[in-house]
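[1] Here's my sequence, what's the structure:
(one chain, ligands or ions: 1)
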Amino acid sequence: MKVLIVEDDAVSRKMIEMIMKPLVKEYSLAKDGKVALDFFNKSVESENNYDLVLLDIMLPKMDGQTLLLKFREKEKEFNLMGNKGCKIIMVSALDDAGNIMEAFKNQCDGYLAKPYNKNSLMIELKKLELIE
Ligand SMILES: [Mg+2]
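    Residues are numbered from 1 along each chain as shown. A predicted model of the protein is given here:
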């Protein structure tokens, strides 16, 4: 599994990295929205797509909701729709209905409210059949 972790907070990034490291073959870390978009676009263009993106919403340079839209646009451009697209789980301190609804409308696959723990992340990954 190839994963893109988008998180600006160092402590959260370390935690998510520690949880994901044993599960994945390869992962990239992005600390702001622009870097995340760059990583994502390059992966699609080089046909080396991510299987999973863990996407924070409050980020410098570009927020996670905008990124979600741009990621799905990029996939569409390369005919990677539906099951061919990567799984995107929003991971955010924002847990209001507005943000959650907007994210699902823009085709995220899961939404995890912070603070969360390893177990709740594992449940999401199982639901998406990314782990056994
Ligand atoms: Mg943040």
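[2] List the buried residues in stretch 10-25.
    By 16 or more other Cβ atoms under 10 Å, the buried positions in stretch 10-25 come out as 12-13, 15-17, 19-20, 24. From N, CA and C alone the C-beta is placed, and that goes for glycine too.
[3] can you give me the offset of stretch 115-122 from its chain's centre?
    Put simply, stretch 115-122 sits 15 Å off its chain's centre (Cα atoms, centre = their mean, to the nearest Å).
[4] tell me the mean pLDDT for it?
    Stretch 115-122 comes out with an average pLDDT of 94.
[5] and stretch 44-56 with the ion, contact?
    Yes: applying Cβ under 5 Å from the ion, one finds stretch 44-56 touching the ion at residue 56.
[6] still on that earlier bit, give me the subset of the buried residues of stretch 10-25 lying in helices.
    Residues of the buried residues of stretch 10-25 located in helices (DSSP state H): 12-13, 15-17, 19-20.
[7] sorry, back to before: with pLDDT and distance to residue 105 as added columns, please give the buried residues of stretch 10-25 in a markdown table.
    Formatted as a markdown table, the buried residues of stretch 10-25 follow (pLDDT from 0 to 100; distance: Cβ to Cβ, whole Å):
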| residue | pLDDT | distance to residue 105 |
| --- | --- | --- |
| 12 | 94 | 25 |
| 13 | 95 | 27 |
| 15 | 93 | 28 |
| 16 | 95 | 25 |
| 17 | 94 | 29 |
| 19 | 94 | 27 |
| 20 | 95 | 26 |
| 24 | 93 | 28 |
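[8] of the residues you listed, closest to the ion?
    residue 12 (7.2 Å; Cβ to the ion).
[9] contacting residues for the closest one?
    56, 91, 114 (Cβ atoms under 8 Å, 6 or more residues apart in numbering).
[10] Neighbours of the closest residue to residue 94 other than its chain neighbours, how many?
    Distances taken as Cβ to Cβ, 6 or more residues apart in numbering place residue 57 nearest to residue 94, at 5.3 Å, with adjacent residues excluded. Close neighbours of residue 57, defined as other Cβ atoms under 10 Å, add up to 22.
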